[in-house]
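Trainee: take a look and give me a structure for this.
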Amino acid sequence: MHASCPVSTSATLVHVRDHIVGVLMARWPRQILFGDVDAMYASAATVADPSLAGKLVAVGSPPPRGIVTAASYPARRFGVKAAMPTGHALRLCPNLILVSPDFGLYRRLHDHMRQVTDELFPASAWSSIDEFYADVTDLQSLHPTPTALGQKVKNAIFEATGLRCTIAIATGKIVAKVAADFHKPDGLAVIEPGTEAAFLAPKPVQALPGIGPKSATALQQVGIHVIEDLLDLRFEATLKRFWGSRLSAMQARAQGIDFEPVLTGRMQKSMGHETTFNVDTADYCFVQETLRGFLSDLAHEMRLDGLEAGGFTIKVKDCRFRVTTRCRRFPKPTNYDPEMWLHIQPALESLVIPGTAYRLVGLSLAHLVPASLSLFDDRTSKAVAAMDRIIQKHGTGVMRLGGTPEK
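Mentor: As a prediction, this is how the structure comes out:
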């Protein structure tokens, strides 16, 4: 018979202490998660029609005036990309499958993703329909590693929508955003505290948020090609002339120093739609009906978000590429289509010149504020609510408020 070995109480306490210290040392001082849905519009087309999975897909309108809104990753390998004329995209990729935009579908998928982030995170903010930030600092005790948390988020979004996304976790929003850009598609990146500057250093200078294409070209012309060049003393004088007092802030970004908070209560200032017609048109009724369709979509979006618009802007571009606009305020903020159309329609009529052919029309609603609780009488409220339920299920093309009483 073997004698049992006595357990040392002091040894156990030392083990527990070392485990606690290890956990505390592993805890990040700040942990920001960034999510970016991969090619959302093109991916949404695959969700709607699974037979498109893995194929050469682009979302946009047909030539000769059509523009590509988004392209699947297989199509991107042929050089197809957003903002490219559709005709050019078809020449690059003759087997390209062109799909019309479906804003109702995008909105429904976005709503499902917001439900996921609201359930997972105490503080999150969507910066666009397909990108979000979340402050997950206080969740570290609930997840064994940042990688485990990131995978959980990816899985939850896919289960809710069928969409793949890239997740990056870092100590700040800037590094997380850059990391996601370099790990697409369907990626997962974790940039550990203290490694931010080393991660950013070899990246192209245009990868740093705040440096656009024109600035990047100007910097490259003087020999500044990668982010670490922004910290090189050889370029200090040149950079001071380039950015002046903003240089120190840009150099902090280049080192990954970023304390910008995730602001969950940021109010959206405006929303809008515009389109370029396949053929220039002088048909006022067609232009008016296009704008009326935009209003239906936007008003529906506002009601879902609990918002009202205080004003609007109409934009038209004629066949000579001259752009004109009309900006007006509503008597009071509203999200009720017929009420808004009473002011938008005469503004459009004053803007369009009879006999002039137009190639583009757009509408944006601005000065957005939280919706009041008693916009309509009971009968109208029920009609609007019933219509929104139908639109939410079947899309905005099914019906709109044109027949709803205006008073």
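
Trainee: mind listing what's buried along stretch 53-67?
Mentor: Buried residues in stretch 53-67, counted by 16 or more other CB atoms under 10 Å: K55, L56, V57, A58, V59, G60, S61, P63, R65, G66, I67. From N, CA and C alone the C-beta is placed, and that goes for glycine too.

Trainee: okay, buried residues for the longest helix along the chain please.
Mentor: Across the chain, the helix with the greatest residue count (assigned by DSSP state H) is helix 284-305. For helix 284-305, burial by neighbour count (16+ other CB under 10 Å) applies to 284, 287-288, 290-305.

Trainee: tell me the secondary structure at F312.
Mentor: strand (DSSP: H, G, I helix; E, B strand; the rest coil).

Trainee: now it: closest residue in space, sequence neighbours ignored.
Mentor: Once flanking residues are discounted, F312 sits nearest to L365: 5.3 Å by CB to CB, 6 or more residues apart in numbering.

Trainee: mind checking the SS state of that neighbour?
Mentor: Per three-state DSSP, L365 ends up strand.

Trainee: state the distance from it to E349.
Mentor: As for L365, its distance to E349 is 19 Å (criterion: CB to CB, to the nearest Å).

Trainee: more crowded one of those two?
Mentor: L365 (28 against 12; other CB atoms under 10 Å).

Trainee: shouldn't that one be in contact with A309?
Mentor: Yes: using CB atoms under 8 Å, L365 is in contact with A309, at 3.8 Å.

Trainee: got any residues that touch both of the two?
Mentor: L298, M302, M340 (CB atoms under 8 Å, 6 or more residues apart in numbering).

Trainee: so who does the residue lying closest to the first one once chain neighbours are set aside touch?
Mentor: Distance criterion CB to CB, 6+ apart; nearest residue to L298, sequence neighbours excluded, is L365 at 5.3 Å. Neighbour list for L365: S270, M271, G272, L298, A299, M302, A309, G311, F312, M340 [criterion: CB under 8 Å, 6+ apart].

Trainee: which pLDDT value goes with L365?
Mentor: pLDDT recorded at L365 is 94.

Trainee: list the helices and strands the helix or strand containing T324 packs on?
Mentor: Here T324, judged by DSSP states H and E, is contained in strand 323-334. Strand 323-334 sits against strand 307-318, helix 337-351, with contacts defined as 3 or more CB pairs under 8 Å, 6 or more residues apart in numbering; DSSP states H and E.

Trainee: tell me which of those lies nearest to Y41.
Mentor: If you check each of these against Y41 by CB to CB, strand 307-318 wins as the nearest, at 21.8 Å.

Trainee: buried ones in that closest one?
Mentor: Buried, per 16+ other CB under 10 Å, within strand 307-318: L307, E308, A309, G311, F312, T313, I314, K315, V316, K317, D318.
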